[in-house]
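Peer 1: what's the 3D shape of this:
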Amino acid sequence: MSQSKFFIFFCAVFYLGCGGRPQPKLEEQQSRVETSQGDAQTDSTQGVPSGVPTPSVMRLTPQELRGLLDEARQSVSDGDLTSAEEKFKEVILQAVSPTENEVMILAEARFNLAVLAEWQGDYTRAKRDYEASLTHAPELGDSVVAIGRIMIREGDEAGAVNYASGRLTAKPKSIALRNAVNSLRIATNRDLGRVEQDSKAILRKDETNLSAMVNLAVVYARKGKHELAVAILNNANAMDESNPEIFWRLANSHLALKDKIDARVALEAAANLPQGGSAEVYNNLGLIYHEAGDYGNAEIQFRRALARWPDMLAARVNLGNSLKGQQRYSEALTVFKQAEMIPGGRPTIAYNMGILLLDGQFPDQNAIERLNRSVSLLEEYRTSEKDPKAKKLAQSYVNEAKKRIIVEQKRAEQMRNSQKQPPPEDDSAVDEIDTDDVNDDGADDSGDGEQ
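Peer 2: Down below sits the predicted model:
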């Protein structure tokens with residue numbers, strides 16, 4: 001996830017070498033040609049009468065462009081992504097010949113369009129717009145990280161780090177790009193020692209560099225030093241309470257320290273930020289609800305994660321298990337089947353689907369066939385798994401499934417045998433009434449009737 005303030009919405013201050021923040025007041029550029037006094041005469045070179053105003057091309061001022069960006073961000077917060085996309089595009093159309101200040105606004109609009117495309121699963125368009133934002137702001141680390149994370153999702157971890165490193169090679173003094181490279185090294189779990197050293201070096205020059213602080217904290221967390229990670233992240237949060245990554249990194253360390261309440265609070269804080277609703281945040285929050293037995297709220301969070309990242313395997317599996325927790329077994333099975341085509345997800349899906357078929361209730365399926373399918377899936381997982389403990393656990397489920405198959409086979413045999421034998425005498429049948437006890441008019445003479 002991006003290290004800076006604008007994980008989703010690009011912040012107003014760019015740590016770039018191409019200018020400062022937009023000025024609060026700028027003179028509006030004139031688009032109307034001044035006219036001379038006197039009779040209108042035709043200008044043969046232009047084909048229009050002299051003295052007649054040329055058609056004006058209305059352009060938005062930097063302040064108006066910034067206001068349009070604010071409206072677009074609000075549309076995102078309101079969930080109106082269509083309107084937001086239109087407004088971001090309008091900003092780009094208006095900034096046809098951008099000034100230095102407008103270049104920054106243009107980069108911001110491109111970045112946000114890329115985020116919207118990424119949310120919709122259109123990674124090709126997202127990468128194109130992230131690259132476009134880098135055209136305007138070459139040291140925009142957040143776009144570099146975003147492109148790298150898409151590459152990681154597509155299975156190219158080495159390419160992601162190499163891409164960021166190439167950007168840094170072009171601008172070796174850029175702190176933002178150094179942080180971006182380190183962030184992607186963390187995402188791919190590579191060269192963590194270099195990340196630690198470089199982050200410390202950055203902080204020696206700028207002790208308030210939030211991205212370096214977060215990167216360093218994550219390295220400490222990977223080493224199991226969660227108390228130290230929490231201390232660094234709390235300092236970072238005191239400097240910037242609007243950075244969602246700080247919250248979800250805090251949540252991870254709180255979970256490792258068994259502080260589940262603090263973890264939930266941190267994730268909820270991240271999710272409630274305008275720029276904090278990432279797939280990772282929603283998925284982790286859903287896991288906390290799931291573990292607490294709140295399967296309904298867990299389902300909501302996992303669906304939100306999938307809305308951000310449709311091919312997120314963890315969220316897909318977790319959604320299936322939250323449906324299982326609600327005893328919606330058929331829906332859970334459908335979710336698992338949808339995840340079978342996610343690259344690299346087959347072993348995980350085989351394991352979870354195997355357990356679902358073992359424990360779930362499927363009245364429309366033959367019990368023996370269902371359990372045999374469970375055994376097949378669990379053995380598939382066990383064969384591909386390298387962890388001895390995971391293999392042992394999978395084998396225990398296989399053994400349980402085989403026991404249930406034997407029970408179902410005996411039950412089926414009993415059913416077949418019962419159908420071959422003649423029906424037993426009905427002991428509850430009413431004894432035949434002796435006609436001697438009944439009068440011709442149907443009255444009972446036995447004395448037991450109503451007087």
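
Peer 1: Checking P363 next. Helix, strand or coil?
Peer 2: Assigned state for P363: coil (three-state reduction, DSSP: H, G, I helix; E, B strand; the rest coil).

Peer 1: burial of it, as a residue count?
Peer 2: Residues lying near P363 (other C-beta atoms under 10 Å) number 7. C-beta coordinates here come from the backbone N, C-alpha and C atoms, glycine included.

Peer 1: Ok, N321 next?
Peer 2: Using other C-beta under 10 Å: N321 sits among 21 other residues.

Peer 1: I figured it hits Y329, correct?
Peer 2: No: at 11.2 Å, N321 does not count as touching Y329 under the criterion of C-beta atoms under 8 Å.

Peer 1: How much space separates A263 from S322?
Peer 2: According to C-beta to C-beta, to the nearest Å, A263 stands 18 Å off from S322.

Peer 1: same thing with N179?
Peer 2: Going from N179 to S322 by C-beta to C-beta gives 35 Å.

Peer 1: These two - which one has more neighbours?
Peer 2: N179 (31 against 26).

Peer 1: Can you read off the pLDDT for that one?
Peer 2: In this model, N179 is scored at 96, pLDDT.

Peer 1: Chain neighbours aside, what residue packs nearest to it?
Peer 2: S211 (3.9 Å; C-beta to C-beta, 6 or more residues apart in numbering).

Peer 1: do the same with P343
Peer 2: Nearest to P343 is G155, by C-beta to C-beta, 6+ apart, at 6.1 Å.

Peer 1: Return the backbone torsion pair for D364.
Peer 2: Dihedral pair for D364: phi -80, psi -10, per degrees, to the nearest 10.

Peer 1: what about E413, how many neighbours?
Peer 2: Close neighbours of E413, defined as other C-beta under 10 Å, add up to 10.

Peer 1: distance of it from S242?
Peer 2: For E413, the distance to S242 - C-beta to C-beta - is 67 Å.

Peer 1: now the residue nearest to N179: how far from E280?
Peer 2: According to C-beta to C-beta, S211 and E280 sit 17 Å apart.

Peer 1: So which elements touch whatever helix or strand V144 lives in?
Peer 2: If you go by DSSP states H and E, V144 is part of helix 141-153. Judged by 3 or more C-beta pairs under 8 Å, 6 or more residues apart in numbering; DSSP states H and E, the packing partners of helix 141-153 are helix 100-119, helix 123-136, helix 157-170, helix 175-187.

Peer 1: Show the contacting residues for S253.
Peer 2: Contacts here follow C-beta atoms under 8 Å, 6 or more residues apart in numbering; on that basis S253 touches A217, A221, H226, A229, V230, L233.

Peer 1: that older thread, got the helices and strands packed on helix 141-153 as JSON lines, with distance to R303 columns?
Peer 2: What follows is those, written out as JSON lines (distance: least, C-beta to C-beta, whole Å):
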{"stretch": "helix 100-119", "distance to R303": "14"}
{"stretch": "helix 123-136", "distance to R303": "20"}
{"stretch": "helix 157-170", "distance to R303": "27"}
{"stretch": "helix 175-187", "distance to R303": "24"}
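
Peer 1: Mind checking what secondary structure the residue nearest to P343 has?
Peer 2: coil.

Peer 1: tell me the contacts of the most centrally placed residue in the chain?
Peer 2: Centroid check for the chain by C-alpha atoms, centre = their mean gives A279 as the closest residue, at 1.6 Å. By C-beta under 8 Å, 6+ apart, A279 lies in contact with A305, L306, R308, W309, M312, A315.
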